Every structure is written in C-alpha cells, then in structure tokens.
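Undergrad: my questions are about this predicted structure, shown below with the sequence.
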Amino acid sequence: MFRGRFAFTILIFFTFSLAVKASKANMDYLARRFELLKMEDGLRLGAESFSKMIAIFSIICLNLFTATTTANLPVENSKYFQVREELIQTEDHLSTGGEVQLNSKEIEVDRIFMKYKIEELKEGSHHPSKNAAGMHFFKAKPLIERSKVFRFLQQMPKGALLHLHNTAGVSSEWIVRNLSQSTGLLRCIDQRGINILTFRENPERHKCTTQYVAVNEERQKSRSQADYNRSFENLINLYTKRPELEYPTINHVWDRFQNMFSTVKDFIHYLPVYRVYLWQLLKESYDDKIIYVELRFSTIELYDDLGQVYTDKDVLTVILEVVGSFRSQYPDFLGVKLIYAINRRLETNEVRNRVEILKKFQ
Ligand SMILES: *[C@@H]1O[C@H](CO)[C@@H](O)[C@H](O)[C@H]1NC(C)=O
Ligand SMILES: *[C@@H]1O[C@H](CO)[C@@H](O)[C@H](O)[C@H]1NC(C)=O
C-alpha cells in the first residue's frame, strides 16, 4: 500500500507539443508505415504466385517460416530493413522528447544509463531468477533496490508527482519506526474484522467488537521486538512472501488494500501525528527528486488528545504551516496542490455538501 523508498511515482517531465508540427510529422510517419506494410506483404511467402487457399495456409505457416523465407530474398530484404529503420527513426522523433538535442554531457549520461540498462537486461535474460522485469513486484523489490538503473533514475530530477493519495503517501517502514511507539496509540478490531489504529478513546465510533489495546503495552509483552515490528507493518503493507497464495484473485488483494485505509485513517489524522506524517510525505517525495506534489485527500478533519476536532479552515491552516516550513527548509521545493478527491460512489446530496465545504476554501 505505502510507497516504498523507491515508490513508483508518476514521473512527469515538462513537455511542450506543437500541434501543427506534430500533425505534419504524423503524415510523414503514416506514409512510411504504409510503405513498410506494402513491402512486408510483398515479402510474405506466397504473396504473388499462390492461390487464395494456399495463401491462407501460408499465413498460418508464416510465423514458422518467416526467418527462412526472408533470408532467401536478400535484395528486397535490405530495402525492407532500410525502410524499417527510417520508420523507427520517424517514430523516435514523434515520441516525447524526440526533438530534444542532447549536449555532450547529456550524451555521456545517456551512454552510462544505457550501459546499466543493457547489462541488467542481459543478466536477466541469462538468469531468470535475476530478471526483475519478469517477476511479481514483491519478489522483484529487493532486486530493484539494488539495481543500478533504479538508483540512477532515483537521483534524476522528476519535476512533479501528479497523483498521490494523502493516506498512502509515506513508507510503511517509517510508520513503524517513527509512529508506532506514539503515546496513546490504540488498536482494536471492528465488526468487519479490520484492525483499527486510533488515538480516540470512544470505541463506539469504530464499532469495534474487541477492547482497545494499547500498542505500546502490546509491544512490551511481545517476545521479540523484530516480530512485533513486522506484524505491525503487516497491518499497513500488502507485502507477503507468497502473493499467489494469499491473493488468489485481484478481489482479494483489492479488499485488503481498501481495508488498510480504514486501519490508518484515524491514526494519521491525529493532529500531532498528522504534522510529522505530512512532513515525511514531502520529505520522501523530495528525496526522490520531486519538487511539486498534487496531493489527493478525502478527509478534512483532524482531532487531538483533548478531544477537539478541527475541520475546514483549521485543517488547511495546519497543512499550509507544514508545507510552509518545509519550503523554508528546502527552498527549491515548489509546493503542493491539494485535490479534494471524494469517493465517486457518494450520493448526490453528499457530493453537494462536500462541494459547499470546498467553496469555503476559496
Ligand atoms: C519522526 O519523523 C519526523 C519527521 O520526519 C522527525 O522530525 C522525527 O525526528 C522522527 N522521530 C523519530 C523518533 O524517528
Ligand atoms: C522495532 O521498532 C522500534 C521503533 O518503533 C525500534 O526502536 C526498534 O529498534 C525496532 N526493533 C527491531 C528489532 O527491529
């Protein structure tokens, strides 16, 4: 659920497109593509002399024999590959950044990066157990963390992170290390069997069917701190050694994923926790070389240990304070855009209420 240190964030480079130029390039691309397809038809086994039926048969066989038949046609072949190469180049120009000219330093960087990339792809194709690209993410994660390609990308400037949910914005490891020992943290299990973490004292709110237990007491009673940390992290992280068994279908994993938001919601909206949480969210993004974040949130409510509830403008003030002090410590960080992202299944009236709340922020 939570970002790892290497979170797959949406990395957006600022690009500009010139519509007129693009459409001219498109025409050129389509013309070359058409030419290539015509040549491919000509190269096909049975293209000219076979009857219709045999031609159909030959299409079936095509995959098996393409290599040998084309090898017998050296003249057409070389022309074909020339047109094919031109097509690929045209495609490269049409892609994002295709018109960018690299300077000599950038060419050097590109060379280093491509060397890492080709090494890792080669290694992966020789040793399937090292082929991160062909593995379940949970199994690939340690390989990715050691990957030179990944480390290289992590250090590169990203610009903006355009889709991040407030409740899933920091690493679970940090929550265990930094927040799980907070004084007053309680755990209970609700009617649905979901673990709830909270600092509130009234169990009614969560309809818990168990008593609240103090997480710190539970921790002290545990025989191994490492085991306790692991089981606590398990509440807020989807990782398992055997994903195939634990999540046999996408519904299993989706339900567990959704339930984790119920587990952490109250936990992170406790005012003292929220401040450090938001700071950490910005810090983890900044460490990944992100300088602008669009942050989605669905709750505008914080509470404190005196039972006071903060809504609307008060919450916004807290957020602005944290972002403001983050920016003064890291002046090249541009800022945050807040997106009020309510559940799309809400009733119309409920949506109307939320829109009214939002209007107050303007
Ligand atoms: C918890 O994280 C906050 C924000 O990153 C930091 O200021 C604080 O020192 C950390 N505390 C511990 C105990 O790690
Ligand atoms: C468990 O987590 C706590 C922080 O919450 C940390 O102080 C402790 O070193 C961790 N212990 C182990 C064995 O991982």
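TA: Yes, it's here. Numbers count the residues shown, from 1 in each chain. Ligands and ions are numbered 1, 2, ... in the order given.

Undergrad: for the protein, just list every one of the strands.
TA: For the chain, applying DSSP state E gives strands covering 159-165, 186-189, 195-198, 213-214, 290-297, 301-303, 309-311, 335-340.

Undergrad: any idea of the mean pLDDT in the fifth one?
TA: It refers to strand 290-297. The predicted model assigns strand 290-297 a mean pLDDT of 95.

Undergrad: could you list the contact residues of this protein toward ligand 2?
TA: Applying Cβ under 6 Å from any ligand atom, one finds that the chain approaches ligand 2 through V176, R177, S180, Q181, Q225, A226, N229. Where you see a C-beta, it was placed from the backbone N, CA and C, and this is true even at glycine.

Undergrad: winner for burial among the strands of the chain?
TA: Mean neighbour count (mean count of other Cβ atoms under 10 Å) peaks for strand 195-198 among those, with a mean of 23.

Undergrad: hang on, the earlier thing: and of the strands of the chain, who's closest to H206?
TA: strand 195-198 (4.8 Å; Cβ to Cβ).

Undergrad: least trustworthy helix or strand in this protein by mean pLDDT?
TA: helix 52-71 (a mean of 46; mean pLDDT, DSSP states H and E).

Undergrad: picking that back up, show me which of the residues of the chain next to ligand 2 is closest to E347.
TA: Distance to E347 across the residues of the chain next to ligand 2 (Cβ to Cβ) is lowest for S180, with 36.2 Å.

Undergrad: how many neighbours does that closest one have?
TA: The tally of other residues near S180 (other Cβ atoms under 10 Å) stands at 19.

Undergrad: give the contact list for the residue nearest to it when sequence neighbours are not counted.
TA: Distances taken as Cβ to Cβ, 6 or more residues apart in numbering put F232 closest to S180, at 5.2 Å, once the chain neighbours are dropped. Taking Cβ atoms under 8 Å, 6 or more residues apart in numbering as the criterion, F232 is in contact with V176, S180, V215.

Undergrad: where does the first one land on pLDDT?
TA: Think V176. On pLDDT, V176 comes in at 97.

Undergrad: the second one now?
TA: Per-residue confidence at S180 stands at 96 (pLDDT).

Undergrad: from N202, how far off is it?
TA: For S180, the distance to N202 (Cβ to Cβ, to the nearest Å) stands at 22 Å.

Undergrad: residue contacts, E201?
TA: By Cβ under 8 Å, 6+ apart, the residues touching E201 are L186, Y212, G307.

Undergrad: now, the residues of the chain next to ligand 2 that are in helices?
TA: Per DSSP state H, helices hold the following members of the residues of the chain next to ligand 2: Q225, A226, N229.

Undergrad: what's the closest of those residues to ligand 1?
TA: N229 (13.5 Å; Cβ to the nearest ligand atom).

Undergrad: that closest one - how many residues pack around it?
TA: For N229, the neighbour count with other Cβ under 10 Å is 16.

Undergrad: that one touches S180, doesn't it?
TA: Yes - in this structure N229 lies within contact range of S180 using Cβ atoms under 8 Å: 7.4 Å.

Undergrad: what sits in contact with each of those two?
TA: Residues touching both N229 and S180 (Cβ under 8 Å, 6+ apart): there are none.

Undergrad: S172 is in contact with E233, correct?
TA: Yes - in this structure E233 lies within contact range of S172 using Cβ under 8 Å: 5.2 Å.

Undergrad: please identify which of the two sits among more neighbours.
TA: S172 (22 against 18).

Undergrad: close enough to count as contact, the more buried one and N229?
TA: No - if you go by Cβ under 8 Å, S172 and N229 don't touch, sitting 10.5 Å apart.

Undergrad: turn the strands of the chain into TSV, including distance to T317.
TA: Shown next, in TSV, are the strands of the chain (distance: least, Cβ to Cβ, whole Å):
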stretch	distance to T317
strand 159-165	21
strand 186-189	27
strand 195-198	23
strand 213-214	31
strand 290-297	15
strand 301-303	10
strand 309-311	9
strand 335-340	13
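
Undergrad: distance to ligand 1 for these - can I get that in a markdown table?
TA: Output for the strands of the chain, formatted as a markdown table (distance: least, Cβ to the nearest ligand atom, whole Å):
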| stretch | distance to ligand 1 |
| --- | --- |
| strand 159-165 | 17 |
| strand 186-189 | 19 |
| strand 195-198 | 17 |
| strand 213-214 | 18 |
| strand 290-297 | 16 |
| strand 301-303 | 17 |
| strand 309-311 | 20 |
| strand 335-340 | 16 |
